[in-house]
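Student: Predicted coordinates and the sequence they were generated for:
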Amino acid sequence: MNKRNYDLIEKYMLSCMEDSAHDKEHIYRVLYAALEIAKEETNVDHDVLITACLLHDIGRKEQYEDPSVCHAQVGGEKAFRFLREHGFENDFSERVKHCIVTHRFRNNDPPRSIEAKILFDADKLDVTGALGIARTLMYRGIVAEPLYTVTPDGSVSNGENDTVPSFFQEYKRKLEGIYSKFYTVRGKEIAKKRQQAAIDFYESLYSEVSSSYQNGKELLLQIIENDG
């Protein structure tokens, strides 16, 4: 990829990024992780990969404004139109679109090309380990969701069977199981190195808040009973 094309694509990406949890630094981390993964793969079209990495989240604004919209689908269509309008070949634009459309965490439309699999893995690496915890907490704060929910008996839920959104629910629903979802060898290796940091944080946070509720309620009941 020549610098003129890179600058053109990067400029368009920057004009689309408004979500602080999916900001331009997320884009660069995904790009750099993708290049690291690509070193261990063969027959990778780096022009397709770099373009897809740069543009993979340009549909976030539309999804934020309308949660029923899939940012991957919208982003793929936007990327295709942008590339075609700027003289890129149809086949190239279609391949980039496929990468973007299939990068989201779901099972009904899996990535097929090596570039799409690399983008998928690179994007998922950004929700692993300490970084994934930090980004999840940031996003939950943006949408005003709590860290955890409290069960009817007054104890703190670990998030496993929750229907109400929270950080603990997101950890159990997505973050905990993501380490088995990678397509590439290098992606799996990097994720595995990060996994324990996420486990330790979740377990420490759950232990701290649950023990606080348990001990605090017992102390409160003792004081209330004694005053009575």
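Tutor: Structure received.

Student: How about the lowest-mean-pLDDT helix or strand in the chain, which residues are buried there?
Tutor: Ranked by mean pLDDT, DSSP states H and E, the helix or strand of the chain with the weakest confidence is helix 60-65, at a mean of 84. Neighbour-count burial for helix 60-65, counted by 16 or more other CB atoms under 10 Å, picks out 60-63. C-betas here are computed from N, CA, C, even on glycine.

Student: Output that helix as PDB, nothing but the C-alphas.
Tutor: In PDB, the C-alpha atoms belonging to helix 60-65 read as follows (Å, rounded to 0.1, in the frame of the first residue of the first chain):
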ATOM      1  CA  ARG A  60     -20.300   2.700  15.000                       C
ATOM      2  CA  LYS A  61     -22.000   6.000  14.900                       C
ATOM      3  CA  GLU A  62     -25.000   4.500  13.100                       C
ATOM      4  CA  GLN A  63     -25.300   1.700  15.600                       C
ATOM      5  CA  TYR A  64     -25.000   4.100  18.500                       C
ATOM      6  CA  GLU A  65     -27.800   6.200  17.100                       C
END
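
Student: Going along the chain from it, find the next helix or strand for me.
Tutor: The C-terminal neighbour of helix 60-65 among helices and strands, as given by DSSP states H and E, is helix 71-85.

Student: Report the rounded mean pLDDT for that following helix.
Tutor: Across helix 71-85, the average pLDDT comes to 96.

Student: ok, now stretch 183-190?
Tutor: In this model, stretch 183-190 carries a mean pLDDT of 97.

Student: sorry, back to before: dump the buried residues of helix 60-65 into CSV; add distance to Asp200 as well.
Tutor: Formatted as CSV, those follow (distance: CB to CB, whole Å):
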residue, distance to Asp200
Arg60, 30
Lys61, 34
Glu62, 36
Gln63, 31
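
Student: out of these, who's nearest Asn158?
Tutor: Comparing the buried residues of helix 60-65 against Asn158 with CB to CB picks out Gln63 as the nearest, at 28.4 Å.

Student: Tell me, how many residues neighbour the residue nearest to that closest one when sequence neighbours are not counted?
Tutor: Leaving out its chain neighbours, the residue that sits closest to Gln63 by CB to CB, 6 or more residues apart in numbering is His71, at 3.8 Å. Per other CB atoms under 10 Å, the neighbour tally for His71 reads 23.

Student: His71 touches Arg60, doesn't it?
Tutor: Yes. Using CB atoms under 8 Å, His71 is in contact with Arg60, at 5.0 Å.

Student: how close does the residue nearest the centre of the chain sit to Ser204?
Tutor: Of all residues in the chain, the one closest to the mean position by CA atoms, centre = their mean is Val127, 4.8 Å from it. For Val127, the distance to Ser204 equals 19 Å [CB to CB, to the nearest Å].

Student: And Leu221, by the same measure?
Tutor: Note on Leu221: its distance to Ser204, by CB to CB, is 26 Å.

Student: list the helices and strands the longest helix along the chain packs on?
Tutor: Ranked by residue count, the top helix of the chain under DSSP state H comes out as helix 185-227. On a contact count with 3 or more CB pairs under 8 Å, 6 or more residues apart in numbering; DSSP states H and E, helix 185-227 meets helix 24-38, helix 114-125, helix 129-142.

Student: again, only using 10 Å
Tutor: Helices and strands touching helix 185-227, by 3 or more CB pairs under 10 Å, 6 or more residues apart in numbering; DSSP states H and E, are helix 24-38, helix 114-125, helix 129-142, helix 167-170.
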